[in-house]
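Novice: Have a look at this prediction, sequence included:
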Amino acid sequence: MVEQIAEDVYWVGVVDWDLRSFHGHELSTHRGSTYNAYLIRDDKNVLVDTVWDPFKERLIENISEVIDPSEIDIVVANHAETDHSGALGEVLRYSPGATVICSKMGEKNIRGHFHRDWNFQTVSTGDSIGIGDETLHFIGAPMLHWPDSMFTYLAEKKILMPNDAFGQHYATGFRFNDQVDQCELYQEALKYYVNILTPFSSQVTAKIDEVLELGLPVEMIAPSHGVLWREEPLQIVEKYRQWAAQEPEERAVLLYDTMWEATRRMAEAIGDGLAENDIPFKLIDIAVSDLNDALVEVFRSAFIAVGSPTANGEVLPAVSALLTSLKALKFKNKSGFAFGSYGWSGEGVGIIRHNLEEAGIRVEDEGLRCKWQPAAEDLKKCRAAGRDIGRSLKN
Ligand SMILES: Cc1cc2nc3c(=O)[nH]c(=O)nc-3n(C[C@H](O)[C@H](O)[C@H](O)COP(=O)(O)O)c2cc1C
Ligand SMILES: [Fe+2]
Ligand SMILES: [Fe+2]
């Protein structure tokens, strides 16, 4: 359903209630998502972003409720990724003469996706175009989260359209932040930040400073996924600033996989040691848990312990996947610990320690290895390790 979000500005996007994984199967989306596209009716009609290709007909239907799609003069493509540019071809089939406005890198990346010779016009920070009553300003936002990403600002309406920044994979029947459950909204906004934006945290901070210095009044932030921030729109900017600083909480997360419970029993005993020091923690069997949700726990926690038995000289695959994600997301300000059971060669703990260090996580201790099932003495060592972790967190 089309929704007018300001005078002559319409949300013409699509709610994807059933989406359960995004980026193929890399990102779980328990609450679905939305692909937000915006139509501005003025002397020149402008579409800001499109939707994912499977929903292109819905986009055209929505646009048709407001104007004839052949009357689109400009399509702003803030980002080349398929969830926003996927329907460009369909839109331009209706209005073949329309100009596609994007960043320089946007043109390259859109050409790389679609291999079509559309009527591109590239813009960079500081460029603006008048479309009648409204003026569009463009702000380059490279690596938030692709090299081509940019923001569009509607000067007269004071609406910032930052594409993927400030988004959430969150399907709802409502379009605005003040209409939805705040707990769900922030769960999804944080999960999105952690899994998509964490590696670019320094760019996030710099971009926030840059945009605030421009002194642009912002009455609404209209991202490309989830709800639009109209009530206290800057609250999500403040949250991003906080998240980008990566100052984790005094808490721990113990992530492990296990074949015959030995490594799990070690994890539980480390947890007992943490509990003795009143440190909040979570125990996550990574083989049966959602990796993206687990990474949110990692993001929040100042301490992360990873455990795996040795299997054929390696860690178990679920632990490998976790370690790969830790290296990719480059979390800051964390300490780590490795543990696990083994039978004969026992490489697992060393592999974990090495990978944690490669991920930029401080590892001060050798970690704990236990041969076969832990004996009372081993469990005691695990509890002591938990107490040590707790003490280090409190200092
Ligand atoms: C398929 C398989 C492969 C294994 N490979 C190794 C190995 O290469 N080196 C080693 O030290 N132990 C190896 N083990 C022994 C396990 O590390 C040992 O059983 C450990 O106690 C399992 O811990 P868990 O109960 O946490 O799964 C292997 C066990 C299995 C079942
Ligand atoms: Fe994206
Ligand atoms: Fe996106």
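Specialist: Looks like it arrived, so ask away. Ligands and ions are numbered 1, 2, ... in the order given.

Novice: Which residues does stretch 380-393 contact?
Specialist: 250-252, 266, 269-279, 302-303, 305, 335, 337, 339, 364-365, 368, 370, 374 (Cβ atoms under 8 Å, 6 or more residues apart in numbering). No exception for glycine: its C-beta is placed from N, CA and C like everyone else's.

Novice: I would like a ChimeraX command selecting only the buried ones among the residues you listed, please.
Specialist: Entered in ChimeraX, the line below selects the buried ones among those, by 16 or more other Cβ atoms under 10 Å:
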select :251,252,266,269,270,271,273,274,277,279,302,303,305,335,337,339,365,368,370,374
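
Novice: So which of the contacts of stretch 380-393 belong to strands?
Specialist: The strands, defined by DSSP state E, take in 250-252, 302-303, 305, 335, 337, 339, 368, 370 from the contacts of stretch 380-393.

Novice: will you turn the residues you listed into JSON lines that also has distance to K157 and pLDDT?
Specialist: Below are these laid out as JSON lines (distance: Cβ to Cβ, whole Å; pLDDT from 0 to 100):
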{"residue": "E250", "distance to K157": "43", "pLDDT": "98"}
{"residue": "R251", "distance to K157": "42", "pLDDT": "98"}
{"residue": "A252", "distance to K157": "46", "pLDDT": "98"}
{"residue": "A302", "distance to K157": "42", "pLDDT": "98"}
{"residue": "F303", "distance to K157": "46", "pLDDT": "98"}
{"residue": "A305", "distance to K157": "49", "pLDDT": "98"}
{"residue": "S335", "distance to K157": "46", "pLDDT": "98"}
{"residue": "F337", "distance to K157": "51", "pLDDT": "98"}
{"residue": "F339", "distance to K157": "55", "pLDDT": "98"}
{"residue": "L368", "distance to K157": "58", "pLDDT": "98"}
{"residue": "C370", "distance to K157": "62", "pLDDT": "98"}
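
Novice: Closest one of those residues to T152?
Specialist: Nearest to T152 among those: A302, at 37.5 Å, using Cβ to Cβ.

Novice: show me what contacts the residue nearest to the closest one when sequence neighbours are not counted?
Specialist: Excluding the flanking residues, the one nearest A302 by Cβ to Cβ, 6 or more residues apart in numbering is P248, at 4.2 Å. The contact partners of P248, by Cβ under 8 Å, 6+ apart, come to 299-302, 333-334.

Novice: confidence score at the closest residue to ligand 2 within the stretch 1-150 of the chain?
Specialist: In the stretch 1-150 of the chain, the residue that lies nearest ligand 2 is E81 (3.8 Å; Cβ to the ion). For E81, the pLDDT comes out at 98.

Novice: Surely it is in contact with W146?
Specialist: Yes. Counting by Cβ atoms under 8 Å, E81 does reach W146; the two are 6.2 Å apart.

Novice: Tell me both backbone torsions, phi and psi, for S149.
Specialist: The phi/psi pair for S149 (degrees, to the nearest 10) reads phi -60, psi 140.

Novice: who does F339 bridge with?
Specialist: F339 forms beta bridges with G307, L368, as assigned by DSSP bridges.

Novice: picking up where we left off before, buried among the contacts of P248? Make that a PyMOL selection.
Specialist: In PyMOL, a selection of the buried entries from the contacts of P248 looks like this (16+ other Cβ under 10 Å):
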select buried, resi 299+300+301+302+334
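
Novice: any idea which of the contacts of P248 is closest to ligand 3?
Specialist: Within the contacts of P248, the smallest distance to ligand 3 is 19.6 Å, found for F299 (Cβ to the ion).

Novice: Helix or strand: which one has the closest one?
Specialist: Taking DSSP states H and E as the definition, one finds F299 inside helix 291-300.

Novice: just how off-centre is that helix within its chain?
Specialist: Helix 291-300 has its C-alpha centroid displaced from the chain centroid by 11 Å (Cα atoms, centre = their mean, to the nearest Å).

Novice: who in the protein is up against ligand 3?
Specialist: For the chain, the contact set with ligand 3 under Cβ under 5 Å from the ion comprises 83, 164.

Novice: domain parsing for the chain?
Specialist: Following automatic domain parsing, one finds the domains of the chain at 3-245, 252-394.

Novice: Can you tell me who A6 pairs with across the strands?
Specialist: The partner residues for A6, given DSSP bridges, come to V9.

Novice: Please apply the same query to N163.
Specialist: With DSSP bridges as the rule, N163 is bridged to P223.

Novice: Am I right that it is in contact with A80?
Specialist: No. Shown here, N163 and A80 do not form a contact pair, counting by Cβ under 8 Å, at 10.4 Å.

Novice: Looking only at neighbour counts, state which of these two leads.
Specialist: Legend: neighbour count by other Cβ atoms under 10 Å for N163 and A80, higher for N163 (28 against 24).

Novice: What backbone torsions are found at G24?
Specialist: When read as degrees, to the nearest 10, the backbone of G24 gives phi 70, psi -110.

Novice: and it, how many neighbours does it have?
Specialist: Using other Cβ under 10 Å, G24 is surrounded by 6 other residues.

Novice: Now do the helices in the protein.
Specialist: 56-66, 82-85, 88-94, 104-114, 182-192, 201-214, 234-245, 262-276, 291-300, 317-329, 348-358, 376-394 (DSSP state H).

Novice: The fifth one vs helix 291-300, what angle?
Specialist: Yep, that's helix 182-192 we're talking about. Using axes from the mean of the first three to the mean of the last three Cα atoms, to 10 degrees, the inter-axis angle of helix 182-192 relative to helix 291-300 is 90 degrees.
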